[in-house]
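In: Curious how this folds, go ahead:
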Amino acid sequence: MSTTTLSRDLIEKCKAKLITAKAEILNRVRESRADLYNSEDAKGGDEGDQTLRALAESEFLSMHERLRKQLMEIESALARIEKGLYGICEETEEMIEPDRLLAIPWTRLSIEGAEIRESIGKKYAR
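Out: Residues are numbered from 1 along each chain as shown. Sure, this is the predicted structure:
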């Protein structure tokens, strides 16, 4: 493992970004759920209306699943901060680049680690 550590300032900036992202995701889920249920008030309608409602529900569920996965990554990153393991690449066990952490504060991989995982994925995808 790399002997360099992240600065407390960088960790606090990333933590603030994670908390903000978490709040934004929770608000998006709440708003989209409210929109979906408000449109559900108009039950019935012709076949076209019912199809549009089904499509809207399907889109909501897809978006909800993506946001749920991102929320899990954010929660995991916050837990790593608490445990003192934040910023360590899961693949290389080296420190993740500070610019990468600021751009994607929930990332688990350094650029090198992401390239390794991608090449492994391509090898097994054949």
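In: So what's the residue count around H64?
Out: 15 (other CB atoms under 10 Å). Where you see a C-beta, it was placed from the backbone N, CA and C, and this is true even at glycine.
In: Would you mind measuring from it to L18?
Out: Computed as CB to CB, to the nearest Å, the H64 to L18 distance reads 20 Å.
In: What of E97?
Out: In this view, E97 and L18 are 17 Å apart by CB to CB.
In: Show me which of those two is the more surrounded one.
Out: Neighbours per residue (other CB under 10 Å) separate E97 from L18, with L18 holding more: 20 against 15.
In: so how far is R117 from the more buried one?
Out: From L18 to R117 the distance is 22 Å (CB to CB).
In: All the helices of this protein, in order from the start?
Out: Assigned by DSSP state H, the helices in the chain fall at 8-39, 47-83, 98-103, 111-125.
In: looking only at pLDDT, what's the mean for the first one?
Out: Pointing back at helix 8-39 there. For helix 8-39, the mean per-residue pLDDT is 89.
In: need the contact list for the residue nearest the centre of the chain.
Out: Centroid-nearest residue in the chain, with CA atoms, centre = their mean: Q70, separated by 2.1 Å. Neighbour list for Q70: A21, I25, W106 [criterion: CB atoms under 8 Å, 6 or more residues apart in numbering].
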